[in-house]
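Visitor: Requesting a structural model of the entry that follows:
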Amino acid sequence: MNLPDRPDEVLWDVLVVGTGMGGGTLGYALARAGKRVLFVERGQSYLDPVGEPLRGITPEEVANLPGLPADEHRRLLLRAGRAFDALEDDSPEKPKRFVPEIGCGVGGSTALYGMVLERLFPADFLPRANYGAADLEGSSVPESWPITYDDLRPWYAAAERLFRARGSADPLRPDAEASASLIVPPPLTPGNAMVADVLRGQGLHPYQLHLACEHTSACATCQGFLCDRDCKNDAGRMCVLPAVREHGASLITECAVRSLEASRTRVERVVCQWRDQPLVLRAKQVVLAAGALVTPTILLHSRGPHWPHGVANDHDQVGRNLMRHCIDLVVLRPKLAGPVAGQTKELALNDFYQRDGRKFGTVQSVGGLPPFLHYLGKLGPDLRWLRYLRPALGPIWAYLRVRVVVLASIMEDLPFADNRVLPADEADANRAANGAAAAPLGRLVYHHRASQQRRVKEYNALLSAAFMPLRPITLSVAHDNKTIAHVCGTCRAGDDPRTSVLDANCRAHGLENLYVADASFFPTSGGVNPSLTIAANALRVAEHLRDKLG
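Guide: Down below sits the predicted model:
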């Protein structure tokens with residue numbers, strides 16, 4: 001889209017690697033400001049019908065993914081806007097390889113996200129004060145972020161307007177302006193309205209979840225798959241497409257950034273593989289926004305005479321402090337005469353965000369559960385026989401999924417220096433660079449600490465007691481690294497180059513023209529979804545770059 005015949009001969013104002021919430025938002029803001037922007041995207045464009053995108057359904061409902069040949073597996077995931085690169089999980093005693101369920105395509109993970117746009121709380125920007133010594137033992141939690149809530153306040157409002165967020169005011173937020181930018185949401189569906197009444201009767205403060213959703217007719221607030229109608233306000237639809245069609249930005253898809261070539265003070269070239277051909281690009285400013293798993297991997301693979309351990313990695317901080325939210329599911333069973341009709345993502349409450357001097361997180365609707373076929377499509381060879389039970393189990397699942405309301409408890413994760421992303425072994429890296437489907441993109445090391453496990457257990461106990469009238473059942477998935485939701489922190493921002501990768505403007509320490517605009521910059525994870533904070537920060541950094549470019 002708008003791509004010149006020789007993009008390698010252009011000196012771009014800004015080259016943005018990744019088109020998700022950070023890259024898409026930042027690139028859109030700079031294109032609107034008249035800058036020459038090039039988006040570089042690893043995946044395909046689901047906005048282009050030529051690629052036959054898979055909409056309204058997960059790829060697991062189409063095929064048994066583990067049983068597909070490697071090339072078919074890759075093509076199906078690409079059509080679904082899903083990443084196909086594997087991660088090697090070095091955390092357990094027996095390392096395992098898995099493909100994380102994150103986005104790959106125009107819009108990045110926002111093409112799949114549940115559209116939740118919630119602000120962090122002011123206290124999140126002073127994280128160390130929220131915990132006692134037992135929780136902090138061994139952690140690298142900083143005293144503060146290098147920016148404050150007030151620094152992001154106007155950008156939060158701008159991002160809510162840009163993505164047309166809908167929702168009601170959170171009664172527990174002291175900031176009255178925090179809901180001023182929101183569009184009025186539709187009324188709660190009957191099942192969720194009844195749950196909200198019960199929660200209020202327990203002294204809790206539910207409100208309508210803030211969603212970047214148009215709520216069109218029969219909208220299911222889909223997550224985990226591409227929307228098949230114009231409901232989901234993702235970064236592709238709201239930012240990348242307008243940037244290209246209305247503001248002259250260029251987009252190159254199916255183009256993987258392999259490494260950066262840098263002098264001691266500048267990124268000089270961006271080395272890519274465009275389909276099957278090498279491609280070297282140049283820009284005045286380079287912004288990495290490929291996600292908190294891929295961005296550090298690119299930097300770590302960018303070794304050279306000036307950066308022997310990887311670009312921006314003088315102090316061995318790139319890839320460290322990996323965080324992911326600890327998420328469990330709470331199944332509520334309201335006493336209704338009929339099915340929970342039209343259930344969507346509707347409710348949230350923050351009564352347990354900070355409780356009795358302890359920090360936990362938010363609780364919010366999951367929405368409708370996937371059909372039974374989705375789970376069958378995940379089965380490996382050892383369990384594939386369960387597919388023969390589909391005629392019996394499918395109807396039972398279909399009955400149960402419309403008689404429960406499912407909430408997710410999202411608990412803040414804490415940073416630890418040894419939780420990290422590492423580059424793939426050299427042999428695997430070469431295979432990945434040559435497109436081998438079985439080669440891992442990188443390695444993951446993440447240990448779920450005993451202190452984290454204690455907090456999860458305490459959080460679940462609080463929720464079970466509060467939700468008792470709704471007969472709650474807790475399904476624990478927080479311990480599983482494959483549920484790597486809301487990954488962040490791997491290129492943290494801070495004032496000290498010895499303990500951070502980026503400065504307060506998200507510029508890499510020691511480099512004039514390298515920025516990071518995805519969730520990698522988070523010093524701590526907070527206890528709500530990161531999407532709105534990523535977008536707000538991207539708008540803030542875009543203004544800084546606009547002024548810098550002149």
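Visitor: Do you have the strands of the stretch 201-350 of the chain handy? List them.
Guide: Along the stretch 201-350 of the chain, the stretches classed as strands by DSSP state E, counting those that start in this stretch are 207-208, 250-252, 255-262, 267-274, 277-288, 326-332, 347-349.
Visitor: From the contact counts, what lies against the shortest one?
Guide: By that I understand strand 207-208. strand 347-349 (3 or more CB pairs under 8 Å, 6 or more residues apart in numbering; DSSP states H and E). To be clear about C-beta, it is placed using only N, CA and C from the backbone, and glycine gets the same treatment.
Visitor: Buried residues, the strand it packs on. List them.
Guide: 347-349 (16 or more other CB atoms under 10 Å).
Visitor: ok so, going back, select, out of the strands of the stretch 201-350 of the chain, the one closest to Leu199.
Guide: strand 347-349 (6.5 Å; CB to CB).
Visitor: Paired strands for the helix or strand just after that closest one, with orientation please.
Guide: Where DSSP states H and E defines the elements, the next helix or strand beyond strand 347-349 is strand 354-355. The pairing partners recorded for strand 354-355 under DSSP bridges are strand 358-359 (antiparallel).
Visitor: What's the first helix or strand after the strand it pairs with?
Guide: Following strand 358-359 toward the C-terminus (DSSP H and E): strand 361-365.
Visitor: could you say what helices and strands that next one packs with?
Guide: Strand 361-365 packs on strand 347-349, strand 405-411, going by 3+ CB pairs under 8 Å, 6+ apart.
Visitor: Can you list the neighbours in contact with that strand?
Guide: Residues from elsewhere that reach strand 361-365, judged by CB atoms under 8 Å, 6 or more residues apart in numbering: 116, 118, 192, 209, 325-326, 330, 344-353, 405-412, 459, 463, 527-528.
Visitor: for stretch 184-199, same thing?
Guide: Residues contacting stretch 184-199 (CB under 8 Å, 6+ apart): 166-168, 206, 208, 211, 215, 332, 334, 336, 340-344, 346-347, 349, 365, 405, 466-467, 469-470.
Visitor: Arg74 sits in which helix or strand?
Guide: Here Arg74 is assigned to helix 70-79, by DSSP H and E.
Visitor: what sits up against that helix?
Guide: Applying CB under 8 Å, 6+ apart, the contact partners of helix 70-79 are 43-44, 51-54, 59, 62-63, 65, 68, 83-84, 99, 104-105, 437-438.
Visitor: Any buried residues in stretch 407-417, and which?
Guide: Those buried within stretch 407-417 under the rule 16+ other CB under 10 Å are 407-416.
Visitor: Ok, stretch 129-144 next?
Guide: Per 16+ other CB under 10 Å, stretch 129-144 contains these buried residues: 130-131, 135, 139-142.
Visitor: Looking at those, spot the one nearest Asn537.
Guide: Nearest to Asn537 among the buried residues of stretch 129-144, with distances taken as CB to CB, is Pro142, at 16.4 Å.
Visitor: Just list the residues touching that closest one, thanks.
Guide: Here Pro142 is in contact with 127-128, 494, 499, 523-524 (CB under 8 Å, 6+ apart).
Visitor: Tell me which helix or strand it sits in.
Guide: Using DSSP H and E, no helix or strand contains Pro142.
Visitor: on that earlier part again, which of the residues in the helix holding Arg74 are buried?
Guide: 73-79.
Visitor: Now do the SS call for Gly27.
Guide: helix (DSSP: H, G, I helix; E, B strand; the rest coil).
Visitor: Return the backbone torsion pair for the closest residue to it other than its chain neighbours.
Guide: Spatially, and ignoring its direct neighbours in sequence, Gly27 is nearest to Val16 (4.3 Å; CB to CB, 6 or more residues apart in numbering). With angles defined as degrees, to the nearest 10, Val16 sits at phi -110, psi 120.
Visitor: how far away is Val16 from Lys35?
Guide: 10 Å (CB to CB, to the nearest Å).
Visitor: Who has more neighbours out of the two?
Guide: Val16 (34 against 22; other CB atoms under 10 Å).
Visitor: So for that one, what's the pLDDT?
Guide: On pLDDT, Val16 comes in at 98.
Visitor: Tell me who's in contact with it.
Guide: 23, 26-27, 37-40, 287, 289, 517.
Visitor: mind listing which of those residues are in helices?
Guide: Secondary structure defined by DSSP state H assigns 23, 26-27 of the contacts of Val16 to helices.
Visitor: between those, which is nearest Val294?
Guide: Using CB to CB, these come closest to Val294 at Gly23, 11.2 Å.
Visitor: Give the closest residue to that closest one in space, chain neighbours not counted.
Guide: Ala289 (3.1 Å).
Visitor: Would you mind giving both backbone torsions of the one you found?
Guide: phi -150, psi 40.
Visitor: and the gap between it and Val62?
Guide: For Ala289, the distance to Val62 - CB to CB - is 29 Å.
Visitor: among the helices and strands packed on strand 361-365, which gets the worst mean confidence?
Guide: strand 405-411 (a mean of 93).
Visitor: what packs against the helix or strand following that strand?
Guide: Using DSSP H and E, the helix or strand that follows strand 405-411 in sequence is strand 420-423. Judged by 3+ CB pairs under 8 Å, 6+ apart, strand 420-423 is in contact with helix 294-301, strand 440-445.
Visitor: Mind putting those into JSON lines with mean pLDDT and distance to Met238?
Guide: Converted to JSON lines, the helices and strands packed on strand 420-423 look like this (pLDDT from 0 to 100; distance: least, CB to CB, whole Å):
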{"stretch": "helix 294-301", "mean pLDDT": "96", "distance to Met238": "22"}
{"stretch": "strand 440-445", "mean pLDDT": "80", "distance to Met238": "27"}
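Visitor: Alright, calling it a day.
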